[in-house]
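[1] I would like the atomic coordinates for the input below:
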Amino acid sequence: RSVDPGEIARGIMKNCAMLAKEKYITPQWLLAEGYWKVKYGREVSAGSTTACLASLREVKTDDDQVKQMVLTSNVGDSGFILLRNNKIIKSSDPQRQGFNAPMQLAVVPKSMADQNFIQTEPYEATNAVFEVLPGDILILATDGMWDNLDMEQIEPIASDIKDLGQLAHQLVVASSTRPRKPDDVTVVAARV
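    Predicted coordinates for the structure are as follows:
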């Protein structure tokens with residue numbers, strides 16, 4: 001049976017979306033639960049994926065001020081950047097086990113268990129918490145964008161476009177035009 005390479009990613013994200021509606025959770029918890037439902041619930045037979053999740057939370061400080069905080073959880077070479085005034089001020093670091101070998105959440109059939117597949121557990125995700133300000137733009141993307149666009153190419157695209165849907169679309173187009181490493185590209189952009 002052939003394996004749909006997007007099936008595991010869609011399954012994890014579908015589970016994360018359902019779980020996020022249930023209660024307050026962190027991205028790391030969501031990623032773990034979404035993955036475990038796919039893996040141990042036998043929702044897919046095989047596959048691997050990288051992932052990046054983020055959530056926005058209000059936090060009350062000791063002096064009763066309210067701050068907006070973003071929490072992220074990232075496995076592999078999917079990732080995020082934070083733009084403030086069209087400048088990148090924060091970015092995730094890709095997780096790799098070696099050259100061109102990103103860490104991945106995987107479902108490996110028992111018949112292939114003795115092979116050396118990269119299998120990352122959700123607790124190995126890189127997690128971050130950082131303050132954001134009104135007007136900041138958070139961009140999450142798969143490695144199809146990061147492998148084909150340099151950081152300095154993203155800022156001019158972001159400064160020219162105000163609509164977030166158009167921004168995500170333009171980043172996908174820019175990633176797909178003369179790619180260094182052809183790949184699927186997913187981009188999500190959100191403004192605080």
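[2] was I right to think residue 67 contacts residue 129?
    No: counting by CB atoms under 8 Å, residue 67 stays clear of residue 129, with 10.8 Å between them. (Each C-beta comes from the backbone N, C-alpha and C, glycine too.)
[3] just the CA atoms of stretch 44-59, as PDB, please.
    This file holds the C-alpha atoms of stretch 44-59, laid out as PDB (Å, rounded to 0.1, in the frame of the first residue of the first chain):
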ATOM      1  CA  VAL A  44      -2.400   6.400   9.800                       C
ATOM      2  CA  SER A  45      -0.400   3.300   8.800                       C
ATOM      3  CA  ALA A  46       2.900   5.100   8.100                       C
ATOM      4  CA  GLY A  47       4.500   8.500   7.600                       C
ATOM      5  CA  SER A  48       6.400  11.300   9.200                       C
ATOM      6  CA  THR A  49       6.100  15.100   9.600                       C
ATOM      7  CA  THR A  50       7.600  18.100  11.100                       C
ATOM      8  CA  ALA A  51       5.300  20.600  12.900                       C
ATOM      9  CA  CYS A  52       5.000  24.000  14.500                       C
ATOM     10  CA  LEU A  53       2.100  25.200  16.700                       C
ATOM     11  CA  ALA A  54       1.500  28.500  18.400                       C
ATOM     12  CA  SER A  55      -1.100  30.000  20.700                       C
ATOM     13  CA  LEU A  56      -1.700  33.500  22.000                       C
ATOM     14  CA  ARG A  57      -2.400  34.000  25.700                       C
ATOM     15  CA  GLU A  58      -3.000  37.000  27.900                       C
ATOM     16  CA  VAL A  59      -0.900  36.900  31.100                       C
END
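[4] all strands of the protein, in order?
    47-49, 51-60, 66-75, 79-84, 87-91, 96-98, 101-102, 105-107, 126-132, 137-141, 187-191 (DSSP state E).
[5] which stretches of this protein have low pLDDT?
    1, 113 (pLDDT under 70).
[6] look through it and report the residue furthest from the middle.
    Within the chain, the residue lying farthest from the chain centre (CA atoms, centre = their mean) is residue 63, at 33.1 Å.
[7] which strand residues bridge residue 90?
    Beta-bridge pairing of residue 90 under DSSP bridges involves residue 82.
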